[in-house]
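Enquirer: Need coordinates for the following:
(2 chains)
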Amino acid sequence: MRNRIRELRTAKGWSQADLAEKLDVSRQSVNAVETGKFDPSLPLAFRIARLFGKRIEDVFEYD
Amino acid sequence: MAAAIDNEPGKKLGAKFWVPWSLGLLAIIGGFTLLLMWTVIREWSALVGGLLVIGLTICMWGMGLIAWRARKLAGLADPMRPAGKRYMLRFMPAMLGYVIILMIAITVYKTFKPEGVLLWAVALMPALPTFYAIRAVGLMVKEETDEFLRAKLLAMNAWTNAALLGVCTAVGFLDMFGAIPHIPLWVVFPLWAVLMIPGFAATRRSLR
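Expert: Sure thing, here's the model as predicted:
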């Protein structure tokens, strides 16, 4: 699954640690999702999308 | 600016820190191993052996603390998760308690030669902290709210248990066929704890 998290995050000027804090997850988790090493659960994917004010399909794309 | 925003992993403390740190760790492990072998050869009491194991445990904690502190000062360490903190506060005292209670049980057994129910009580005493330590591992998985870290922890535990099962099965057959001297079952717990170390190291590497 591909995602636009890095792009959306850097556009806001947030570090991975900043995003992790806002999502209440670890920095490693943000890194793993961002780099496609780990696919988040639906609840986390929704939280990420909502944080950026986007729809889930605007952030995540199934390959 | 991109580096600050990305906060990418990969930055390291470097050889200036890790070479002396590794040499120090090797010296500690080597020194305590030699001392422990010496106590076995000289047939010193369980008290001396136990004190040495406690000393080794404390030194290992100290080395871990030095590495963590150095990484933190260099801005490389991620904050410890609450579940991880609680795990450390449960597991480490359990391990220390295991050594202390084992030492007491051996001393009581040798000194008073208990029998019957008392013997059962003395023999089972060292197993109690191991239950607490095993519970600490289970609770860490249960209490970790980060799904990625929880998945990593579950995988680490599965591999550790698989390795333990494999080693114990192989050793059990070697024992049954008389290829090796009999090994008591209590070694399974320390072996499990030892097998967790490469699991932790591999997991930490994969988390960067």
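
Enquirer: make it CA atoms for all contacts and neighbour counts henceforth
Expert: Fine.

Enquirer: Show the pLDDT at the most centrally placed residue in chain B.
Expert: The residue lying closest to the centre of chain B (Cα atoms, centre = their mean) is residue B:193, at 4.4 Å. Note on residue B:193: pLDDT of 83.

Enquirer: Quickly find the element holding it.
Expert: helix B:188-206 (DSSP states H and E).

Enquirer: List the buried residues in that helix.
Expert: Buried residues in helix B:188-206, counted by 16 or more other Cα atoms under 10 Å in any protein chain shown: B:189, B:192, B:195, B:196, B:199, B:200, B:203.

Enquirer: Same question for stretch B:127-137.
Expert: Using 16+ other Cα under 10 Å as the test for burial, stretch B:127-137 gives B:129, B:130, B:132, B:133, B:134, B:136, B:137.

Enquirer: Tell me how many other residues surround the nearest residue to residue B:144 once chain neighbours are set aside.
Expert: Once flanking residues are discounted, residue B:144 sits nearest to residue B:83: 5.3 Å by Cα to Cα, 6 or more residues apart in numbering or on different chains. For residue B:83, the neighbour count with other Cα atoms under 10 Å in any protein chain shown is 18.

Enquirer: phi, psi of residue B:83?
Expert: The phi/psi pair for residue B:83 (degrees, to the nearest 10) reads phi -60, psi -40.

Enquirer: which residues touch it?
Expert: Residue B:83 makes contacts with B:140, B:143, B:144, as judged by Cα atoms under 8 Å, 6 or more residues apart in numbering or on different chains.

Enquirer: try it again with 10 Å
Expert: By Cα atoms under 10 Å, 6 or more residues apart in numbering or on different chains, residue B:83 lies in contact with B:89, B:136, B:139, B:140, B:141, B:142, B:143, B:144, B:145, B:146.

Enquirer: Please export the C-alpha coordinates of stretch B:74-87 as CSV.
Expert: Taking Å, rounded to 0.1, in the frame of the first residue of the first chain, the C-alpha atoms of stretch B:74-87 are listed here in CSV:
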residue,chain,number,x,y,z
ALA,B,74,23.2,12.9,21.2
GLY,B,75,19.5,13.3,20.4
LEU,B,76,19.3,9.8,18.9
ALA,B,77,17.2,8.0,21.5
ASP,B,78,13.5,7.8,21.0
PRO,B,79,11.5,8.4,24.2
MET,B,80,10.8,5.1,26.0
ARG,B,81,7.2,3.9,25.7
PRO,B,82,5.1,3.7,28.9
ALA,B,83,4.7,-0.1,28.4
GLY,B,84,8.4,-0.4,27.9
LYS,B,85,9.1,1.5,31.2
ARG,B,86,6.6,-0.7,33.1
TYR,B,87,8.3,-3.8,31.6
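
Enquirer: residues of that stretch that come out buried?
Expert: Buried-residue list, stretch B:74-87, by 16+ other Cα under 10 Å: B:76, B:83, B:84, B:87.

Enquirer: any idea of the pLDDT on the first one?
Expert: This means residue B:76. Residue B:76 carries a pLDDT value of 75.

Enquirer: Ok, the third one next?
Expert: In the prediction, the pLDDT value recorded for residue B:84 is 88.
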